[in-house]
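Student: Sequence first, then the predicted structure, then my questions.
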Amino acid sequence: MTYTSCGHELRFVATLPHFEFHEDFGMPTENHFQHQQYPTEPVTTPIQRTLNVEEADETDFSTLHTALRIGRVILVHGTFMGDDPFGIADALKSVAESVPWLAGQLNRFAEVSQEKMRPFTASVTGDVGNYHEPFRQRFQDLVGDDPQVELLSPTWSGQNHHLARADLAMRLLHRLLVRPLLADQNVLLWGHSHAGNAFALLTNLLANHQPSVAQFFDAAAQDGVSHWDEVRKHLASAASPHPLAKRIFIACFATPVRYGWDTDGCAKLAHVTFHRPDADAFPLRTKPLFPPQQFADVMNARWGDWVQAFAIAGTDVSSMSTRTINQNLTAILEANLPEPQHGLDTRFISPKRVRDTCVRWKAGTRCHRDGMNLLVDYKLSGKVSTIGQPVELSLLGHGVSTTILWLPTHLKLVLEAMLA
């Protein structure tokens, strides 16, 4: 079939019992940290699937190792699930710098806050919108002894801004440098929500276009932070692209459309997104978020993952200590976003950031430009969350991606995409 969506012609493959990819994965080379547009124009044809929780039965998950040579899987949670999601520890450390006589006590409070936050969050959320140890163990059970499945540890802050995601990208690259892959191994990065946008930054770093990488480091202003310093020094003397790039496979779940990707920075890329189109004429678009959706439709994920559609450019929240740095990073990471064109419905909204975000929400962007977009509608399994809601609709449609119940089906989906 052929549909015209947001002014771009896209071939749309209807619900299939298996994948039929007619194009290779395609991503732009030399992306140079450019942002994706609203709406996007996917390089490859998005695939729409309707899934049930039993369809992974009898799947041979050993192909993750035998066919793709994945030797390690790193699981990375999304925003608000880290060790300092609301910037409390950052604020304490910032105050400590200006009040030397209280520095020791304040820094200790910050450390305790970070030590306690992640276990507390995991105990409250379980596997809804979060990767935790039982999820990791189930993943390991599915794939057997190889690859080794690990949770990112130490984790990232989980704050909702550029610097936090940039720091996650830096932590991942540093981890792969200090714990190198074996000669015949690849690594699969498996991330939820904005972890996927940190992966996007990682691909730009590994593409290693020296001028843009240097500009990125200068804007982030993290001189003296050990993992940043070590990565910067390493990239300055490394090849472009970095040899590690083609050994990195990426699976993103419910990742909002934000930063662009670079084809020179990874081997394969797949996006899994909970999606239900609201109009036959626009099958690849979510229901526009402006004007606002009805509250019940949001809570019940009537049109799929509401958080994935909501958390686009303009929705970051900087902490006091990171505000200037995030402004500098915005000047780089959002430099290519065009100035939104306002109509009467948005022209008088204030402040400007909200006004511009409303215009971008109107585009209904669901698909990423780069990699393979797998748009998934979930058949209800009959299982419910702790608040009595169908698990597929939990956390406004954002929580199903991380549930242990759906892990086998998601793993089968990713394997099919990577092997196609």
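Tutor: Nice, thanks for sending it over. Residues are numbered from 1 along each chain as shown.

Student: Assign the residue lying closest to residue 199 once chain neighbours are set aside to helix, strand or coil.
Tutor: Once flanking residues are discounted, residue 199 sits nearest to residue 250: 5.1 Å by Cβ to Cβ, 6 or more residues apart in numbering. Quick note: C-beta positions are derived from backbone N, CA and C, even for glycine. Applying DSSP: H, G, I helix; E, B strand; the rest coil to residue 250 yields a three-state assignment of strand.

Student: give me the beta-bridge partners of residue 250?
Tutor: For residue 250, the beta-bridge partners are residue 189, residue 269 (DSSP bridges).

Student: For residue 203, see how far away it is.
Tutor: For residue 250, the distance to residue 203 equals 8 Å [Cβ to Cβ, to the nearest Å].

Student: mind checking how far the spatially most central residue of the chain is from residue 311?
Tutor: Within the chain, one residue has its C-alpha closest to the average C-alpha position: by Cα atoms, centre = their mean, that is residue 196, at 2.0 Å. Here the criterion is Cβ to Cβ. By it, residue 196 lies 11 Å from residue 311.

Student: Report pLDDT for residue 346.
Tutor: What the model reports as pLDDT for residue 346 is 93.

Student: residues in contact with it?
Tutor: 290, 340, 355, 358-359, 362 (Cβ atoms under 8 Å, 6 or more residues apart in numbering).

Student: Kindly recompute the last result at 7 Å.
Tutor: 355, 358-359 (Cβ atoms under 7 Å, 6 or more residues apart in numbering).

Student: Let's verify it: helix, strand, or coil?
Tutor: coil.

Student: Residue 57: how many residues sit nearby?
Tutor: Neighbour count for residue 57, taken as other Cβ atoms under 10 Å: 9.

Student: Tell me the spacing between residue 44 and residue 240.
Tutor: Residue 44 is 25 Å from residue 240, by Cβ to Cβ.

Student: can you give me the strands for the stretch 101-250 of the chain?
Tutor: Counting by DSSP state E, counting those that start in this stretch, the stretch 101-250 of the chain has these strands, from start to end: 148-151, 186-192, 248-253.

Student: wait, which of those strands is closest to residue 399?
Tutor: strand 186-192 (9.5 Å; Cβ to Cβ).

Student: who's in contact with that closest one?
Tutor: With Cβ under 7 Å, 6+ apart, strand 186-192 has contacts from 68-78, 131, 172, 176, 181, 199, 247-254, 267, 401-402.

Student: Just the ones in helices from the residues you listed, please.
Tutor: Counting by DSSP state H, the part of the contacts of strand 186-192 found in helices is 172, 176, 199.

Student: still on that earlier bit, how about the contacts of residue 346 in TSV, adding secondary structure and pLDDT?
Tutor: Formatted as TSV, the contacts of residue 346 follow (DSSP: H, G, I helix; E, B strand; the rest coil; pLDDT from 0 to 100):
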residue	secondary structure	pLDDT
355	helix	95
358	helix	95
359	helix	95
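
Student: follow-up on the earlier one: if you compare the strands of the stretch 101-250 of the chain, which one is most tucked away?
Tutor: strand 248-253 (a mean of 27; mean count of other Cβ atoms under 10 Å).

Student: Let me know the average pLDDT across it.
Tutor: 98.

Student: Can you spell out which helices and strands pack onto it?
Tutor: If you count contacts as 3 or more Cβ pairs under 7 Å, 6 or more residues apart in numbering; DSSP states H and E, strand 248-253 packs onto strand 186-192, helix 195-207, strand 268-274.

Student: Ok, which of the ones you listed comes nearest residue 168?
Tutor: Nearest of the helices and strands packed on strand 248-253 (Cβ to Cβ): helix 195-207, 3.8 Å.

Student: what stretches of the stretch 51-200 of the chain score poorly on pLDDT?
Tutor: Residue ranges of the stretch 51-200 of the chain with pLDDT under 70: 80-126.

Student: residue ranges of the helices in it, please?
Tutor: Under the criterion DSSP state H, counting those that start in this stretch, helices of the stretch 51-200 of the chain are mapped to 63-66, 88-98, 103-125, 133-143, 162-178, 195-207.

Student: follow-up on the earlier one: could you dump the contacts of residue 346 into CSV and include distance to residue 223 and neighbour count?
Tutor: Formatted as CSV, the contacts of residue 346 follow (distance: Cβ to Cβ, whole Å; neighbours: other Cβ atoms under 10 Å):
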residue, distance to residue 223, neighbour count
355, 35, 16
358, 37, 20
359, 37, 20
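
Student: Tabulate these (JSON lines), appending distance to residue 282.
Tutor: Output for these, formatted as JSON lines (distance: Cβ to Cβ, whole Å):
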{"residue": "355", "distance to residue 282": "24"}
{"residue": "358", "distance to residue 282": "19"}
{"residue": "359", "distance to residue 282": "17"}
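
Student: Please report how far the nearest residue to residue 330 once chain neighbours are set aside lies from residue 303.
Tutor: The shortest distance from residue 330 to any non-neighbouring residue, by Cβ to Cβ, 6+ apart, is to residue 162 (6.5 Å). From residue 162 across to residue 303, the span is 28 Å (Cβ to Cβ).

Student: more neighbours, those two?
Tutor: Set side by side, residue 162 and residue 303 give different neighbour counts by other Cβ under 10 Å, the larger being at residue 162 (26 against 23).

Student: any idea how far that one lies from residue 41?
Tutor: As judged by Cβ to Cβ, residue 162 and residue 41 stand 24 Å apart.

Student: what's the answer for residue 335, then?
Tutor: Taken as Cβ to Cβ, the span from residue 335 to residue 41 is 19 Å.

Student: swap in residue 385?
Tutor: Taking Cβ to Cβ, one finds residue 385 at 36 Å from residue 41.

Student: Ok, residue 367 next?
Tutor: In terms of Cβ to Cβ, residue 367 sits 9 Å off from residue 41.

Student: who has more neighbours, the two?
Tutor: Shown here are residue 367 and residue 41; by other Cβ under 10 Å, residue 367 has more neighbours (26 against 14).

Student: Thanks again, I'm all set now.
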